[in-house]
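Asker: Show me the folded form of this:
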Amino acid sequence: MPSFFCRKEMYEFNLILNSAHTILGCMELLKRVKGCEGILCVLTEKIDAQLLNAAGPNLKVVSTMSVGFDHLSLDELKKRGIRVGYTPDVLTDCVAELTVALLLATSRRLIEATHEAKTGGWGTWRTLWLCGHELANSTVGILGLGRIGVAIAERLKPFKVKKFIYTDVALRPELANMIEAEYVSLDELAKQSDFLAICCALTPETYGICNWNLFSKMKKNAIFINTSRGGVVNQEDLYEALSTGLIAGAGLDVTTPEPLPTHHPLFTLKNCVILPHVASASYTTRNSMSALAANNLLAGLRGEPMPKELKL
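Answerer: Numbering: from 1, shown residues only. You can find the predicted model right below:
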């Protein structure tokens, strides 16, 4: 942790600290943010025009403890000249590990298997019982090739994956060369992928991009994995694709909304594994994210370069 992060300095600044364990209600947040010079937030807090108006003209910096920033109204922040810090890089390995774990749990039907073992379903050996799909000789598609997409591919390569393909808003030759990935159209990504990992940011262009049009082009044995943001998936279309056997399975670490109501239809499907947004949940990564978010905030309040600043 950089030496300039200390408790004394945290109390010297007029700021508000909201953690994932002590999230304030909307009205309380609007009340307490008034006059603040800095805001440290997590991805569950909407930093929008209403909140910024409530904060007032003293606000200088917003630091989010996340790599994603779809909860921030960037146009409003830019208009007001408010600097923004975020936490990329430090969670890349952790998210990639979880993505691989979720992919394997989904494709090899591990949650189903555990349930059967616990509830008496484990009987005599059966030829095709709980059979899943393996990575060897498969094609893995990546939607949104960034640091995390590359890290996922690096971890999957030892499983003897035959081919990596990707789609993004533009060609990513340097990153693609690192994993020998081929650029294809979105349609070809859907058609060719045995495993499809969603790693893109949530933007107006990617909102709902994983919909019936995409699922209808995928293979029947395809496994769909999303560890990016829930908003990139049309969940009604995903339910139909899974429940009708259009695709083999889906693993989701993110949903819309979060938490996903326990009565949601996706929870009724055996071929859908849903996690409570835990991709970055390791002690090492969360500690690194916390320190980086705090140091971004402190640097911004001092008018110094942030360790990780989002350029608006």
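Asker: residues in contact with stretch 100-117?
Answerer: 121-122, 130-135, 152, 155-156, 195, 197, 223, 225, 227, 248-251, 253, 270-271, 273, 275 (Cβ atoms under 8 Å, 6 or more residues apart in numbering). To be clear about C-beta, it is placed using only N, CA and C from the backbone, and glycine gets the same treatment.
Asker: From Trp122, how far off is the closest residue to Ser138 other than its chain neighbours?
Answerer: Closest residue to Ser138 apart from its sequence neighbours, by Cβ to Cβ, 6 or more residues apart in numbering: Asp194 at 4.0 Å. In this structure, Asp194 and Trp122 are 28 Å apart, going by Cβ to Cβ, to the nearest Å.
Asker: the helices in the chain, which residues?
Answerer: Ranges of helices in the chain, per DSSP state H, are 7-12, 26-32, 49-55, 74-80, 92-107, 110-118, 147-156, 173-179, 186-192, 212-215, 235-243, 283-302.
Asker: pLDDT on the fifth one, on average?
Answerer: The average of the pLDDT scores along helix 92-107 is 98.
Asker: distance between it and the chain's centre?
Answerer: Its chain's average C-alpha position is 11 Å from that of helix 92-107, according to Cα atoms, centre = their mean, to the nearest Å.
Asker: just the angle between it and helix 147-156, please?
Answerer: Going by axes from the mean of the first three to the mean of the last three Cα atoms, to 10 degrees, helix 92-107 is angled at 60 degrees with respect to helix 147-156.
Asker: circling back to that earlier point, compare the helices of the chain and give me the one nearest Thr203.
Answerer: Set against Thr203 and scored by Cβ to Cβ, those come closest in helix 74-80, at 10.3 Å.
Asker: Quick check: buried residues in the closest one?
Answerer: The neighbour-count check on helix 74-80 (16 or more other Cβ atoms under 10 Å) flags 76-77 as buried.
Asker: Relative to Leu59, how far out is the most centrally placed residue in the chain?
Answerer: Centroid-nearest residue in the chain: Ser228, 2.8 Å away (criterion: Cα atoms, centre = their mean). With distances defined as Cβ to Cβ, the gap from Ser228 to Leu59 amounts to 29 Å.
Asker: Now render the helices of the chain as a markdown table, adding distance to Tyr166.
Answerer: Shown next, in a markdown table, are the helices of the chain (distance: least, Cβ to Cβ, whole Å):
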| stretch | distance to Tyr166 |
| --- | --- |
| helix 7-12 | 41 |
| helix 26-32 | 38 |
| helix 49-55 | 35 |
| helix 74-80 | 25 |
| helix 92-107 | 14 |
| helix 110-118 | 26 |
| helix 147-156 | 7 |
| helix 173-179 | 6 |
| helix 186-192 | 7 |
| helix 212-215 | 15 |
| helix 235-243 | 21 |
| helix 283-302 | 24 |
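Asker: closest to His264 out of the ones you listed?
Answerer: helix 235-243 (7.9 Å).
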